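# sequence and predicted structure are below.
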Amino acid sequence: MPADIVKNVPFQSNPNPSFWMKLGEHKLNTIKLSEDPIAIRASYTIQSNVKHRTDNSQTPAALVPGRMRLDEDSIVDDATEQIGADDIDFDIDIDIGITKNDSVMSNGTIQILNTIESFKTVNKNELLNESCLPALLKACGVSTDEEDNSETENLDALTSFFCLCHLDLKNHKVVYWFAFPVLAPVTGKSMRFQEKEDGMSAQLPFKIAGGDSVRFHRAVHDLRLERFAKGLGYPPFFIVMPDNEGGYNCLDLSFENYTHLSQEDKSRCKFAFLDPTTSCESNISSPTPVGWTLRNLVAYLVLKLGISGATEVISFRPCVNRRVDNESIFSPESADNDSSLLMYIELPVKSDYLWQAKQNPGETKYNAMGWELNARSKPGPRSVNLAPLLSTAHLSKQATDLNLKLMKWRMIPTLNLEYLSSMRVLLLGAGTLGCSVARTLLGWGVRNMTFADNGKVSYSNPVRQNLFEIQDCEGGGKDKAIAAAEALKRIAGPSINSEGHVLTIPMPGHAFNTKEEESVREDTEKMQELIDDADVVFLLTDTRESRWLPTVMARASNKMMINAALGLDSWLVMRHGGNKDGRLGCYFCNDVVAPENSTNNRTLDQQCTVTRPGLAPLASSMAVELCISLLHHKERQDAPAPSTGTRSSSFSPTVEASDATSPLGIMPHQIRGSIVSYTMMTPTVPAFEYCTGCCDDVVEAYKKDKFDFVKKVCCNADGSYLEDMAGLTEFRAKADSMMDDCLDWDEEDDHVDDFS
């Protein structure tokens with residue numbers, strides 16, 4: 001009667017959803033379009049007892065395969081560089097630590113295919129042999145690389161794994177197939193139990209076979225302490241040496257340890273492996289199936305150690321695995337309920353691992369196997385839908401970031417999404433422009449926005465201002481700044497950090513009395529505080545004079561300012577210059593008069609912002625795109641604008657790189673557009689020496705006197721104070737004088753005698 005075949009229970013993959021979410025982040029941020037394998041790690045240990053629902057008692061399940069567990073820590077941060085199949089040696093430096101030494105750490109690789117079609121059509125067996133067979137053979141002492149002269153032994157491949165997967169990041173679905181590779185002997189040459197000469201069964205519980213469980217567990221505990229001192233985890237395989245006093249010594253399985261044994265010790269030693277398979281003898285026919293890693297242990301014994309014939313192997317199945325540290329003390333109770341098995345196994349011979357090559361008759365090759373069965377117990381992949389497991393906030397954030405991160409794969413690899421998501425943006429004005437700018441910033445992943453406005457939502461607003469609804473108008477209307485901030489959180493989820501401040505911007509020509517002075521002072525100080533806290537300021541107010549003080553403050557604080565303004569059928573977007581020499585002009589640099597009260601003596605159509613509805617989205621988009629491009633230039637707000645000669649009116653999808661471009665394109669000083677002629681122009685205007693908004697004298701006066709300076713400007717009805725401070729009065733006087741001289745010359749020229 002032929003001996004029974006040793007039955008091995010394959011591993012079962014047990015990836016936690018957190019593993020797939022972390023892997024998705026690596027796909028987006030690091031791996032991108034590469035399909036090269038990357039290193040990951042997993043762990044396995046003994047199975048916990050299963051509680052019966054009826055009486056809550058704990059007994060082992062009938063048959064539970066070993067589970068290879070993966071979580072977010074399985075992504076090896078230092079090993080996320082793509083590696084070629086020929087480079088995989090499973091030699092990953094893993095910090096086991098006290099929290100992991102109750103499990104065997106297993107090193108593996110994962111290959112992420114970009115399309116589901118590639119996943120379906122790839123030859124799985126060829127892929128497994130290409131990815132895992134070289135490392136397996138090297139561990140077993142069979143090197144296929146003639147140049148490999150390394151003497152360092154690494155047995156990690158004996159417990160390794162491989163995963164092939166496709167990540168559908170848009171729909172949060174994963175299709176995957178794990179493999180736990182083992183060297184396969186040819187058909188009909190599987191390892192078998194060998195009946196012992198004394199008539200004892202070839203597979204017996206360790207205690208029945210005459211073993212002392214307490215002394216055996218003590219020896220394993222001592223080995224684990226030795227490994228802990230070396231920074232190593234739980235031993236997957238080890239050598240068990242009986243001593244002359246009925247006890248045991250345990251050694252790490254290695255070629256060196258085995259060859260240093262005497263011939264007598266080699267004949268007496270046993271080989272053990274941690275068996276994560278749980279079985280109940282009353283429900284499983286004899287012989288009991290054992291763990292999957294026994295296959296590679298046997299291959300190592302045959303191919304590397306050269307052992308032949310029959311040998312004793314221990315399937316180590318402790319009741320519990322506790323963590324160890326330098327202060328751990330062995331407890332004899334840990335040997336209670338031990339389920340370890342002692343097996344007498346007839347080993348294959350070396351030639352049993354050589355397969356006939358189908359393409360080249362007469363040639364032989366080694367072969368790996370180990371693809372996991374699916375939930376229907378058939379060869380095939382598994383899948384998981386993560387969407388039901390994810391919170392609405394996570395889904396919202398990931399979906400927002402997906403489009404941006406995909407840009408980095410091919411088109412804009414230097415896109416700094418981390419900075420965009422952390423930078424602070426101040427929007428002065430929460431009206432038509434403010435709402436549109438905020439929505440566009442959301443699309444770029446900006447999550448920290450502050451609104452400042454003194455208006456309330458009116459019934460005319462919701463159709464033009466896309467952060468408001470009709471409910472915001474009821475009861476006199478909500479404050480625009482606060483309503484806009486709340487709307488951003490409703491739209492994009494709790495990851496948005498938005499707030500609103502109700503304040504009035506002090507304006508030239510808008511005088512205030514003594515009773516109002518304290519309130520104006522508070523608004524001035526608050527606005528300066530908001531500008532100081534911001535990385536970028538968008539100036540989106542309605543009137544010309546309301547833009548004056550923010551312009552002065554931004555220059556004084558050296559902040560990036562993006563200005564947008566609307567006319568009936570035209571729009572302006574511009575960036576204000578920084579503090580470098582040759583800086584660009586501000587909103588007021590084209591003016592030769594100070595800003596004044598533009599709301600006096602105006603009819604209704606002049607008091608309201610009357611503009612064609614399509615202008616605000618156009619101007620807002622241009623303002624945000626200019627800002628993002630500017631942020632990716634090394635000089636940011638001090639970045640130069642393209643010179644007039646470098647700009648072309650013809651369409652061009654690309655621009656030539658220069659000091660005036662960022663990875664996103666050119667950064668014009670101004671963008672002026674018209675929907676009457678459907679044209680745009682990008683002029684560059686240098687700063688005006690006597691500008692009332694950004695000249696040095698005005699900025700220094702503000703820095704020195706703060707609110708007192710603002711008070712004088714606002715309460716001066718004709719604007720003369722600001723014009724005098726900027727030097728504009730003197731400049732105009734000189735200009736008038738020069739004009740008079742020209743006129744005098746013309747009059748004299750008219751009376752010149754005609755000599756012809």
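Received, thanks.
# any low-confidence regions in the protein?
For the chain, the stretches with pLDDT under 70 are 1-3, 48-62, 77-100, 144-151, 196-202, 207-211, 279-286, 598-609, 644-654, 740-756.
# by residue count, what's the longest strand in it?
Criterion DSSP state E: the longest strand present in the chain is strand 173-183.
# so where do the helices sit in the stretch 151-300 of the chain?
213-229, 255-259, 263-268, 294-303 (DSSP state H, counting those that start in this stretch).
# re earlier: ok, the longest strand of the chain: who's next to it in the sheet?
strand 161-168 (antiparallel), strand 368-371 (antiparallel), strand 382-385 (antiparallel) (DSSP bridges).
# now do the buried residues in the longest one.
Buried residues in strand 161-168, counted by 16 or more other CB atoms under 10 Å: Phe161, Phe162, Cys163, Leu164, Cys165, His166, Leu167. For the C-beta atoms, the positions are set from N, CA and C on the backbone; glycine is no exception.
# quick one: it to chain centroid distance?
Distance of strand 161-168 from its chain centroid, counting by CA atoms, centre = their mean, to the nearest Å, is 18 Å.
# please report how far the nearest residue to Phe237 once chain neighbours are set aside lies from Leu467.
The shortest distance from Phe237 to any non-neighbouring residue, by CB to CB, 6 or more residues apart in numbering, is to Leu253 (4.0 Å). Going from Leu253 to Leu467 by CB to CB, to the nearest Å gives 66 Å.
# same check on Leu127?
In terms of CB to CB, Leu127 sits 51 Å off from Leu467.
# which one's more surrounded, those two?
Leu467 (25 against 18; other CB atoms under 10 Å).
# just send the helices of the stretch 151-300 of the chain back as TSV, with distance to Cys319 and mean neighbour count too.
Shown next, in TSV, are the helices of the stretch 151-300 of the chain (distance: least, CB to CB, whole Å; neighbours: other CB atoms under 10 Å):
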stretch	distance to Cys319	mean neighbour count
helix 213-229	10	19
helix 255-259	27	14
helix 263-268	27	11
helix 294-303	20	24
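# OK, contacts around Cys691?
Gly585, Cys586, Phe588, Cys589, Asp591, Val698, Ala726 (CB atoms under 8 Å, 6 or more residues apart in numbering).
# any idea which helix or strand carries the third one?
According to DSSP states H and E, Phe588 maps onto no helix or strand at all.
# so is the nearest residue to it once chain neighbours are set aside in a helix, a strand, or just coil?
Distances taken as CB to CB, 6+ apart put Gly693 closest to Phe588, at 3.5 Å, once the chain neighbours are dropped. Secondary structure state of Gly693, per DSSP: H, G, I helix; E, B strand; the rest coil, is coil.
# do the same with Ser658
Assignment for Ser658 (three-state DSSP): coil.
# that one: how many residues sit nearby?
Counted with other CB under 10 Å, Ser658 comes out at 11.
# could you check how far it is from Ala641?
For Ser658, the distance to Ala641 - CB to CB - is 11 Å.
# same check on Lys27?
For Lys27, the distance to Ala641 - CB to CB - is 38 Å.
# ok, Met507 next?
28 Å.
# check Gly233 too.
With CB to CB as the criterion, Gly233 and Ala641 are 60 Å apart.
# what residues are up against the closest residue to Arg323 other than its chain neighbours?
Distances taken as CB to CB, 6+ apart put Asp102 closest to Arg323, at 4.6 Å, once the chain neighbours are dropped. Asp102 sits next to Thr45, Tyr234, Asn321, Arg322, Arg323, Val324 when contact means CB under 8 Å, 6+ apart.
# return the member of those residues nearest to Ser720.
Arg323 (81.3 Å; CB to CB).
# that closest one and Asn101 touch, don't they?
Yes. At 5.6 Å, Arg323 counts as touching Asn101 under the criterion of CB atoms under 8 Å.
# what about the two, which has more around it?
A direct count of neighbours by other CB under 10 Å for Arg323 and Asn101 places Asn101 higher, at 22 against 15.
# all the helices of the stretch 401-550 of the chain, residue numbers only.
Under DSSP H, counting those that start in this stretch, the stretch 401-550 of the chain gives helices at 417-422, 432-443, 480-492, 514-533, 548-557.
# with distance to Leu539 as extra columns, can I get the ones you listed in TSV?
TSV is the format used below for these (distance: least, CB to CB, whole Å):
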stretch	distance to Leu539
helix 417-422	20
helix 432-443	9
helix 480-492	15
helix 514-533	10
helix 548-557	5
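# export those as a markdown table, with columns for mean neighbour count and distance to Gly362.
Shown next, in a markdown table, are those (neighbours: other CB atoms under 10 Å; distance: least, CB to CB, whole Å):
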| stretch | mean neighbour count | distance to Gly362 |
| --- | --- | --- |
| helix 417-422 | 15 | 57 |
| helix 432-443 | 24 | 64 |
| helix 480-492 | 21 | 67 |
| helix 514-533 | 15 | 78 |
| helix 548-557 | 24 | 82 |
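# ok, which of the ones you listed comes nearest Leu615?
Across the helices of the stretch 401-550 of the chain, closest to Leu615 is helix 432-443 (CB to CB), at 8.7 Å.
# residues contacting the closest one, please?
Contacts of helix 432-443 (CB under 8 Å, 6+ apart): 400, 403, 425, 427-428, 449, 451, 453, 464-468, 480, 484, 488, 491-492, 496, 538, 540, 564, 566, 609, 611, 616-617, 619-621, 623-624.
# same question for stretch 315-333.
In contact with stretch 315-333 (CB under 8 Å, 6+ apart) are residues 45-46, 98-99, 101-103, 214, 217-218, 220-222, 224-225, 228-229, 234, 272-275, 277-278, 290-291, 294, 334-343.
# try stretch 656-664
412, 414-415, 625, 628-633, 639-643, 646, 655, 666-667.
# which residues sit in contact with Lys526?
Contacts of Lys526 (CB under 8 Å, 6+ apart): His501, Leu503.
# measure it to Pro508 for me?
In terms of CB to CB, Lys526 sits 19 Å off from Pro508.
# same thing with Val573?
For Val573, the distance to Pro508 - CB to CB - is 23 Å.
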